[in-house]
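Novice: for reference, the sequence and a predicted model appear below.
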Amino acid sequence: MKWFGYTGKLLYINLTTCNYQVKELELEQAVKYLGGKGLAASILYEKLKPGTDPLGPDNILVFATGPLTGTPAPTAGRMVVATKSPLTGLWLDSNCGGFLGREIKQAGYDALIVEGKAAEPVYILIDDDKVEICSAANLVGKDTFDTHEILRESHGEVRVACIGQSGERMDRLAAIISEARAFGRGGAGAVMGSKNLKAIAVRGTNSVKIADYDKFVNMVKEAFNEVAINPDTGGGRNHYGTNVIYSFINEAGIHPVENFTKGKFGKLDVINEEILRTKYYKKDKACSSCPIACSKYSVVEEGKYQGKFVEGPEYENLWSFGAQCGNSDIGAIIHAEYLCDAYGLDSVSVGNAIGFAMECYKRGVLTEEEIGYPLQFGDTEAMMRTLEAIGKGEGIGKLLAQGVKYAAEQIGKGSEKWAMHVKGMELPAYDPRGAYGMGLAYATSDRGGCHLRSWPVAQEVLSANRMDPFSVEFKAEFVKSEQDLISAVDSVGLCLFASFAMTLKQMVGMLSALTGIKELDSGEELLKIGERIYNLTRLFNMREGMNASADNLPERLLTETHKEGPAAGSTVPLEEMIEEYYRIRHWDENGKPMQSKLKDLGL
Ligand code: SF4
């Protein structure tokens, strides 16, 4: 079969046997699951035995591109890593921009599927159709920046994804880093570490073939225009990066402070998007083919954290090492982001975990003797010391590096009550007591406490024609349809942010002109594929023993209220929303997709 957009090739690498094999992508697989998340879900559902130890040799890591990845379409540099998460024991896909996806596609592969475990530390070198498994003896113990540098010194202009020391230790909060961008959440870095796989380095020199060149170019031009004229993607996000929402979220009372005990950070005079932009911003950075350029480089020019040129901080990190820990020193936050990238850590979960430990200290559940120093909210030095301990796997850091669910189980004394996670994954930077839809999105996310499956906050507090944030009305419909749409976006190889501007018609227009696959020329079909993918990851999770009780929120969000701010007195009415959500999804009362729905989706 002649492929356009796709390469039609899947590269299977077995680290136990040191062999690799190229298999054909099937047309039916592409039509049913697109690529990226969908393709990875179809592979993992078929190949991974239920009950597999996430950190054992039988777990599988899939690096998957979408059909648009590596093309000139706006934001088409995205790809996913999917695996069984060591943090949640459930489905995990982590999406990343940068240039790795483009390079894998141009090397000639739609996906790399890594199986087994190497006897010694190795890295995989892919140079178009040449594949080698090389000794990583010289990379062991190196941080991710040094690892990138050494691999580029050895192999020239390769694109790299690697783990740092945290991944080598198989800490559950370990991320995979690719040129300071991260496959951040859920512990994919630990899975790489468990396979003795330090890095992959890729060079691709082929171009992506296009079925209908003129139509594709016209559709791409139209999509670029749409992104440019949109006030978010062509305005605020381009100027401030993801921090464009910082003050709005705080004003709405949903910026979690000191481990979700308050909803408004009272330090806006020293920490906000404008200060970050005027005092620390140095230049923009964009992923492959992205006009939005939401990544911003920052430098701390004076004081204790002076020095490093850092990509970020993103909104989530301005929160995780800011309000979550009661810290308002932006310099420390920038340095914290650098350390997370260097050690190879999920910076959202790490900040959440430090805030959790601070609350344990405040309540006397963790003592100065156990920690080695006082760990109070607002103590910037103690926060940085704890982050270093997590990166080095020392002292209290060794425990926190496994995530708050595990840490609370070890600490006991009721600490599970303030461990802010869903299904084991730490919550990010939105308090759903002031945005009920966000609560439903967290509870039903297929990878746990995550804002990237559905982000109702945009409609509940940021939009001009808002949905009432304190009502349950339309929340189930909204979350379900956004989860389906985002599953499709994560499968075609576009950035989620582009979907804020582009229409479905534009997406499928590019997709069908690129691939020449007529089934992909309908927005309705794209949403149906997204729904199919979301149901498949649900089946994956249920096969691992998950049930409806896991579609929940931390007790604090259901029973404790804020005393002041816009969300004062409110808790999340989750049960009501879940019931409606299951009904709309055609899932039974146990949260299991009904046979009729599976049949309709061809599963
Ligand atoms: S919008 Fe930001 S994250 Fe998305 S592709 Fe562009 S630079 Fe990367």
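Specialist: Perfect, I can see it now. In this text, all values refer to a predicted model and were calculated from it rather than measured experimentally. Numbering: from 1, shown residues only.

Novice: tell me the pLDDT of the spatially closest residue to Leu375 that is not a sequence neighbour.
Specialist: Distances taken as Cβ to Cβ, 6 or more residues apart in numbering place Tyr361 nearest to Leu375, at 4.3 Å, with adjacent residues excluded. For every residue, glycine as well, the C-beta is placed using N, CA and C. With respect to pLDDT, Tyr361 scores 98.

Novice: mind checking pLDDT for Lys308?
Specialist: In this prediction, Lys308 has a pLDDT value of 83.

Novice: give me the neighbour count for it.
Specialist: Lys308: 16 surrounding residues under other Cβ atoms under 10 Å.

Novice: ok and the residue in the stretch 401-550 of the chain nearest the ligand?
Specialist: As assessed by Cβ to the nearest ligand atom, the ligand sits closest to Cys495 within the stretch 401-550 of the chain, at 3.2 Å.

Novice: which residue is the nearest non-sequential neighbour of that residue?
Specialist: Thr75 (3.6 Å).

Novice: isn't that neighbour up against Phe497?
Specialist: Yes. Counting by Cβ atoms under 8 Å, Thr75 touches Phe497, with 6.8 Å between them.

Novice: okay, those two: which has more neighbours?
Specialist: The neighbour comparison of Thr75 against Phe497 (other Cβ under 10 Å) goes to Thr75, with 29 against 21.

Novice: can you pull the contacts of the more buried one?
Specialist: Listed by Cβ atoms under 8 Å, 6 or more residues apart in numbering, the contact partners of Thr75 are Gly97, Val227, Cys287, Ser289, Cys290, Pro291, Ile292, Leu494, Cys495, Phe497, Ala498.

Novice: the bottom helix or strand of this structure by mean pLDDT?
Specialist: For the chain, scoring each helix and strand by mean pLDDT, DSSP states H and E identifies strand 309-311 as the least confident one, at a mean of 91.

Novice: related to what we said a few turns ago, my read is that the residue of the stretch 401-550 of the chain closest to the ligand contacts Gly101, right?
Specialist: No. Cys495 lies out of contact with Gly101 (Cβ under 8 Å); the separation is 10.8 Å.

Novice: what about the spatially most central residue of the chain, helix or strand, and which?
Specialist: The centre of the chain sits closest to Ser94, judged by Cα atoms, centre = their mean, with a distance of 4.4 Å. Element membership for Ser94 (DSSP states H and E) is strand 91-96.

Novice: for the stretch 351-500 of the chain, which residues are neighbours of the ligand?
Specialist: Cys495, Phe497 (Cβ under 6 Å from any ligand atom).

Novice: in the stretch 351-500 of the chain, mark out all the helices, start to finish.
Specialist: For the stretch 351-500 of the chain, applying DSSP state H, counting those that start in this stretch gives helices covering 368-371, 380-392, 395-400, 404-411, 436-444, 457, 475-492.

Novice: tabulate these in a markdown table, adding columns for mean pLDDT.
Specialist: Output for those, formatted as a markdown table (pLDDT from 0 to 100):
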| stretch | mean pLDDT |
| --- | --- |
| helix 368-371 | 98 |
| helix 380-392 | 98 |
| helix 395-400 | 98 |
| helix 404-411 | 98 |
| helix 436-444 | 98 |
| helix 457 | 97 |
| helix 475-492 | 98 |
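
Novice: okay, those, which one's buried deepest?
Specialist: helix 436-444 (a mean of 28; mean count of other Cβ atoms under 10 Å).

Novice: give me the angle between that helix and helix 475-492.
Specialist: 60 degrees (axes from the mean of the first three to the mean of the last three Cα atoms, to 10 degrees).

Novice: helices and strands around helix 436-444, which ones?
Specialist: helix 475-492, helix 574-585 (3 or more Cβ pairs under 8 Å, 6 or more residues apart in numbering; DSSP states H and E).

Novice: which is the next helix or strand following it?
Specialist: helix 457.

Novice: contacts for that following helix, please.
Specialist: Outside helix 457, the residues touching it (Cβ under 8 Å, 6+ apart) are Ile249, Ile254, Tyr430, Ala435, Gly437, Met438, His451.

Novice: show me which of the residues you listed are buried.
Specialist: Neighbour counting with 16 or more other Cβ atoms under 10 Å marks Ile249, Ile254, Tyr430, Ala435, Gly437, Met438, His451 as buried within the contacts of helix 457.

Novice: for the third one, list the residues it contacts.
Specialist: Going back to what we said before, that points to Tyr430. Ile249, Ile254, His255, Pro256, Met438, His451, Val457.

Novice: nearest to Ala174, of these?
Specialist: Of all these, Ala174 sits closest to His451, with 20.5 Å by Cβ to Cβ.

Novice: for the contacts of Thr75, which two are the farthest from each other?
Specialist: Gly97 and Val227 (14.5 Å).

Novice: give me the angle between the helix ranked longest in the chain and strand 91-96.
Specialist: Ranked by residue count under DSSP state H, the longest helix found in the chain is helix 523-543. Here helix 523-543 runs at an angle of 130 degrees relative to strand 91-96 (the same axes, to 10 degrees).

Novice: tell me the buried residues in helix 523-543?
Specialist: Result for helix 523-543 [16+ other Cβ under 10 Å]: buried residues 523, 525-542.

Novice: can you check stretch 209-219 too?
Specialist: By 16+ other Cβ under 10 Å, the buried positions in stretch 209-219 come out as Lys209, Ile210, Ala211, Phe216, Met219.

Novice: quick one: what helix or strand has the last one in it?
Specialist: Using DSSP H and E, the element containing Met219 is helix 213-229.

Novice: going on from that helix, what's the next piece of helix or strand?
Specialist: Assigned by DSSP H and E, the successor of helix 213-229 is helix 237-240.

Novice: does the ligand sit close to that next one?
Specialist: No. Helix 237-240 lies out of reach of the ligand by Cβ under 6 Å from any ligand atom, never closer than 6.9 Å.
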